[in-house]
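Peer 1: Sequence plus the predicted model coming up.
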Amino acid sequence: MSAAPASRGKLKIAKLVVIGVGLIGGSFSLALKQVKAVEHVVGVGRTRKNLNAALRLGVIDEASRDAASAVRDADLVLIGTPVGQMPEVMAQIAPALGAETVITDGGSTKQDVIAYARRFLDGHFERFVPAHPIAGTEKSGADAAFPELFRDRNVILAPQPETKASAVRLVRSAWEACGARIVRLDARRHDEIFAAVSHLPHVIAFSLVSMLAKRGDAAALLGHSGGGLRDTVRIAGSSPEMWRDICVANRVALTELLDDYMDELEIARSAIQNADAAALSEMFERARDARSRWLLKKHA
């Protein structure tokens, strides 16, 4: 075990294991390779096709279908699978983890992942650092990965009271080596925030496409669509498996927000039905102004 956090010099990870070599896991590997912060990367996945692509593209140096054997002697393990697969992954790797191996994840929900880690990682929980990189595209798989994905993006860390400071330093240093900014956040608050700004928009996009696709004239409708629909539903091209798991995991916060959103839609529906131009103007202007303020703050 020879991983050295940046606080003790240049980050050097002898062996990184990425379980789930997709957009997040693959980009994490490529970013660390680009800055020469990792010597050897083992990728673990379910499909030979994706692992072969990862090898061919230099995302990983070695492929494995056996997570337990792969994590032996690892300095750092990133679990980059959909959150619904994490309990099984954690149960598989726990008996094989080294006494100093640090484990982290890239899941979009945190309370459930932390609960899984407490249950399945056993004595290794103190070296588990919950994380969520706020970066992504609608693409998935090893061939979607690129090293700049995390540059100037936030990565949320949600360490627990038991989490070792040395584990947090290593994970923090790894993400900073990828070009990311680190933000610490309580797990419950994390799930509330991202239910609103990430999970709800994905549900809306998927639902809109699903509604249009069910219509008998779907081909004609989509054939005449332009930038408005394309921009609105871009994220509906994301992994259905991943977003299914996220929605189920964060269902309490997400259901409350869906109720609020449906109330807002009902206000719009009523105004349209009653030809209430004033009410529509008020809603649209309020939304446009809020968006403008958000963009100004974001790019300040």
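Peer 2: Sure thing, it's come through.
Peer 1: which ones are touching residue 70?
Peer 2: By Cβ atoms under 8 Å, 6 or more residues apart in numbering, the residues touching residue 70 are 17, 19, 42, 44, 64. Bear in mind the C-beta positions are built from the backbone N, C-alpha and C, glycine included.
Peer 1: now with 7 Å?
Peer 2: Residue 70 makes contact with 17, 42, 44, 64, according to Cβ atoms under 7 Å, 6 or more residues apart in numbering.
Peer 1: Specify which member of those residues is nearest to residue 272.
Peer 2: residue 44 (51.0 Å; Cβ to Cβ).
Peer 1: Spatially nearest residue to that closest one, not counting backbone neighbours?
Peer 2: Leaving out its chain neighbours, the residue that sits closest to residue 44 by Cβ to Cβ, 6 or more residues apart in numbering is residue 19, at 4.4 Å.
Peer 1: and the one you found, how far is that from residue 282?
Peer 2: As judged by Cβ to Cβ, to the nearest Å, residue 19 and residue 282 stand 50 Å apart.
Peer 1: neighbour count winner among the two?
Peer 2: Taking other Cβ atoms under 10 Å, residue 19 and residue 282 do not tie; residue 19 has more neighbours (26 against 12).
Peer 1: follow-up on the earlier one: what pLDDT does the residue nearest to residue 44 get?
Peer 2: At residue 19, the pLDDT value in this model is 98.
Peer 1: And the one helix or strand residue 87 maps to, how far out from the chain middle?
Peer 2: Taking DSSP states H and E as the criterion, residue 87 maps to helix 86-93. Mean-position distance between helix 86-93 and its chain equals 18 Å (Cα atoms, centre = their mean, to the nearest Å).
Peer 1: Repeat that for stretch 210-219.
Peer 2: The answer for stretch 210-219 is 30 Å, by Cα atoms, centre = their mean.
Peer 1: Give me the below-cutoff pLDDT ranges for this structure.
Peer 2: Where the chain drops to pLDDT under 70, the residues are 1-9, 299-300.
Peer 1: switch the cut-off to 50
Peer 2: Across the chain, the ranges flagged by pLDDT under 50 are 6-9.
Peer 1: Show me how it divides into domains.
Peer 2: 6-185, 189-298 (automatic domain parsing).
Peer 1: out of these, deepest packed?
Peer 2: domain 6-185 (a mean of 20; mean count of other Cβ atoms under 10 Å).
Peer 1: returning to that earlier point: measure the residue nearest to residue 44 to residue 64 for me?
Peer 2: 9 Å.
Peer 1: Between the two, which contacts overlap?
Peer 2: In contact with both residue 19 and residue 64: residue 44, using Cβ under 7 Å, 6+ apart.
Peer 1: Show me what stretch 74-81 is in contact with.
Peer 2: Residues from elsewhere that reach stretch 74-81, judged by Cβ under 7 Å, 6+ apart: 1-3, 13-20, 22, 24-25, 28, 71, 86, 89, 93, 98, 101-106, 170, 174.
Peer 1: meant to ask about stretch 173-181, not that
Peer 2: Contact with stretch 173-181 is made by 5-6, 11, 13, 28, 31-32, 35, 37, 76, 133, 150-155, 182, as judged by Cβ under 7 Å, 6+ apart.
Peer 1: Quick check: residue 166 vs residue 229, distance?
Peer 2: 49 Å.
Peer 1: And for residue 73?
Peer 2: Separation of residue 73 from residue 229 (Cβ to Cβ): 50 Å.
Peer 1: Tell me where the stretch 51-200 of the chain has helices.
Peer 2: In the stretch 51-200 of the chain, the segments counted as helices under DSSP state H, counting those that start in this stretch are 67-70, 86-93, 111-120, 165-177, 187-194, 200-214.
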